[in-house]
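Novice: Fold the stuff below for me.
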Amino acid sequence: MPATPGAQRRSVLSDGVGATAPDRLQREAEFHDEAFASNSREATGKYYATARAAKAHYHEQILAGARDRTILEYGCGKGSAAFQLAASGAHVTGIDISAVGIREAQGRGRALGLEAQLQFRQMNAEVLDFNADSFDLVCGSGILHHLDIARAVAEIVRVLRPGGEAIFFEPLGHNPIINLYRRLTPAMRSADEQPLSMTDLDRITNCFDGAQVSFFGLFTLLAAPLRPASDSKVLRVLEAVDRVVLRRSMLQRHAWIAVIRLTQG
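Specialist: Predicted structure coming up:
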């Protein structure tokens, strides 16, 4: 008898998982299947205009020198950075735990005529189905905080080539305003995700030969209730304030977002 879609998904999530808590992986897959299917990420995008500077910095980092690089992106869907990377001449593999996200990404890749530069696969990021030294760059936006940090980072180190780098855009978990918002909107997040702590950042960066962490989103949070446009003068002023104050290490833990750049060898 042919396997049902649910059974197929359980097989994908369980293969090679070992002790990585299949129930947690199943919950993550179901949450993200629903998020992609309902377009809830697009619906909430207007609340994240204050993250503009962080997102721009992340994209600038991953697109720099993208041509001819072999890149692994964590997290797929229609909004994936894989399409920009492929259009810049990179060879990109995108992975996601959500079968719906993979289908959306594949459809957009075909529509853009980028199939020769792109492939998308449903996969558990804690147990990657790639050989060692496979990629020049591993990147992802809002992904690591859904994963077991130790397992995920070990896999990133394994699949990166000597001289490779990993770049991630991740939320932090210390700001009381953001934490209040998270408590008031639990449906926007999966049950198992945990924004990164400063201890998590140390654990991640200590696994690499070099690391640079840029912090964003402190005073810009004051503009969030206004849902500012991308060209908002208020937002530009607050971004300038953040660039100054977030140079101070004692304030960095209260930032909303970290862009993490890691180098190997």
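
Novice: When you work out contacts or count neighbours from here on, use the C-alpha atoms and nothing else.
Specialist: OK.

Novice: how many neighbours does N175 have?
Specialist: 16 (other CA atoms under 10 Å).

Novice: no wait, T50
Specialist: T50 has 29 nearby residues by other CA under 10 Å.

Novice: can you confirm I260 is in a helix?
Specialist: No. Counting by DSSP: H, G, I helix; E, B strand; the rest coil, I260 is not part of a helix but strand.

Novice: residues near the nearest residue to it once chain neighbours are set aside, how many?
Specialist: Leaving out its chain neighbours, the residue that sits closest to I260 by CA to CA, 6 or more residues apart in numbering is V213, at 4.6 Å. The local packing of V213 (other CA under 10 Å) involves 15 other residues.

Novice: do the same with L184
Specialist: 10.

Novice: ok, it to A211 distance?
Specialist: Separation of L184 from A211 (CA to CA, to the nearest Å): 34 Å.

Novice: Test my guess that W256 contacts T220.
Specialist: No. With contacts counted by CA atoms under 8 Å, W256 stays clear of T220, the gap being 9.5 Å.

Novice: What ranges does the stretch 151-265 of the chain have for its helices?
Specialist: For the stretch 151-265 of the chain, applying DSSP state H, counting those that start in this stretch gives helices covering 176-184, 198-205, 233-245, 249-252.

Novice: Kindly reformat these as CSV containing mean pLDDT and distance to R67.
Specialist: Shown next, in CSV, are the helices of the stretch 151-265 of the chain (pLDDT from 0 to 100; distance: least, CA to CA, whole Å):
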stretch, mean pLDDT, distance to R67
helix 176-184, 86, 37
helix 198-205, 96, 26
helix 233-245, 94, 30
helix 249-252, 91, 33
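
Novice: which residues sit in contact with the residue nearest the centre of the chain?
Specialist: Residue closest to the average C-alpha location in the chain (CA atoms, centre = their mean): S141, at 2.1 Å. Contact partners of S141, counting by CA atoms under 8 Å, 6 or more residues apart in numbering, are Y74, G75, F168, F169, E170.

Novice: still on that earlier bit, surely the residue nearest to I260 is in contact with R261?
Specialist: Yes. Counting by CA under 8 Å, V213 touches R261, with 6.2 Å between them.

Novice: three-state assignment of C76?
Specialist: Under three-state DSSP, C76 falls in the coil class.

Novice: Give me the phi and psi for it.
Specialist: Backbone torsions for C76, taken as degrees, to the nearest 10, come to phi -120, psi -170.

Novice: how deep is it tucked in, by neighbour count?
Specialist: 29.

Novice: Equivalent analysis for V157, please.
Specialist: Neighbours around V157, by other CA under 10 Å: 21.

Novice: Got the confidence number for it?
Specialist: Per-residue confidence (pLDDT) for V157: 97.

Novice: which residues touch it?
Specialist: C207, F208, Q264.

Novice: just checking, V100 is part of a helix?
Specialist: Yes. Assessed with three-state DSSP, V100 lies in a helix.

Novice: In a markdown table, list the contacts of V157 along with neighbour count, pLDDT and distance to Q122.
Specialist: Below are these laid out as a markdown table (neighbours: other CA atoms under 10 Å; pLDDT from 0 to 100; distance: CA to CA, whole Å):
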| residue | neighbour count | pLDDT | distance to Q122 |
| --- | --- | --- | --- |
| C207 | 17 | 96 | 26 |
| F208 | 18 | 97 | 26 |
| Q264 | 17 | 89 | 26 |
